[in-house]
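Trainee: Take a look and give me a structure for this.
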Amino acid sequence: MPIIRCTQKLLAEVGTIISTTNHAESIPNLEQCDLLDEWYANLVFVDRQKCIVFINPATLFVTIAYGKRRDELRQLHQVLMGSLRQALVAEQVDLEVVDRVVQRFEKTQIAKTQDRSTLGCLNDVIRHFKWLSDREQDSPETRTETVVKNLNRIPWVKTSFGYALVPMERILRDTFGWRGRFEKL
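Mentor: Residues are numbered from 1 along each chain as shown. Below is the predicted model of the structure:
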């Protein structure tokens with residue numbers, strides 16, 4: 001079952017609905033999880049709007065949900081599904097593949113973050129997100145889509161200066177049968 005690992009800031013924002021489901025014994029062993037089954041999430045404010053930044057620790061693929069209300073955040077799996085759908089469609093992944101990827105998150109568990117390395121990457125993404133958002137002049141939705149595409153094309157030290165698109169493309173091919181390719185910069 002997929003897991004969304006939330007920072008304390010995000011857990012505090014959504015309240016006890018999420019934090020009461022955080023039982024360590026109910027979280028599956030990570031070796032048994034698919035690579036896309038674990039996501040880290042943090043709350044950030046951009047243009048006085050609540051945004052959720054998601055990152056997958058296996059690929060470092062990033063997706064962002066812009067301008068969410070507190071009641072929307074209580075359905076965090078829906079927020080992840082929507083933002084992941086938007087990111088994959090923007091990358092021109094076939095819609096049937098996108099649907100299969102996204103439907104995996106119908107049932108998710110919420111947990112606290114545990115990997116400091118992934119948290120470091122998440123914090124870097126947030127800094128880049130704020131910086132890139134300030135420079136884009138488009139509407140918030142278009143701007144977020146552009147920023148997410150740019151964030152997924154940043155080389156990461158954690159992956160020997162690899163891009164998030166490379167392992168994500170491999171997973172989409174091997175697990176979901178996608179035959180396309182991501183557009184490189």
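
Trainee: Report the backbone C-alpha coordinates of the longest strand seen in the chain in CSV.
Mentor: For the chain, the longest strand by residue count, based on DSSP state E, is strand 38-46. This file holds the C-alpha atoms of strand 38-46, laid out as CSV (Å, rounded to 0.1, in the frame of the first residue of the first chain):
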residue,chain,number,x,y,z
GLU,A,38,6.5,6.0,-1.2
TRP,A,39,6.3,9.8,-1.4
TYR,A,40,7.5,12.6,1.0
ALA,A,41,5.3,15.7,1.3
ASN,A,42,5.8,19.1,2.8
LEU,A,43,3.6,22.2,3.1
VAL,A,44,5.0,25.5,1.6
PHE,A,45,3.4,28.9,1.1
VAL,A,46,4.0,30.6,-2.3
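
Trainee: average model confidence for it?
Mentor: Summarised as a single mean, pLDDT over strand 38-46 is 93.

Trainee: Okay, helices next: where are they in the chain?
Mentor: Counting by DSSP state H, one finds helices in the chain at the ranges 8-14, 16-19, 70-73, 76-90, 95-103, 116-135, 140-151, 165-176.

Trainee: Now tabulate these in a markdown table and tack on distance to residue 183, mean pLDDT and mean neighbour count.
Mentor: Every C-beta, even on glycine, is put in place using the N, C-alpha and C of the backbone. Compiled in a markdown table, those are given as follows (distance: least, Cβ to Cβ, whole Å; pLDDT from 0 to 100; neighbours: other Cβ atoms under 10 Å):
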| stretch | distance to residue 183 | mean pLDDT | mean neighbour count |
| --- | --- | --- | --- |
| helix 8-14 | 31 | 90 | 17 |
| helix 16-19 | 35 | 45 | 14 |
| helix 70-73 | 30 | 88 | 14 |
| helix 76-90 | 10 | 94 | 20 |
| helix 95-103 | 16 | 95 | 15 |
| helix 116-135 | 18 | 87 | 16 |
| helix 140-151 | 9 | 81 | 19 |
| helix 165-176 | 9 | 93 | 17 |
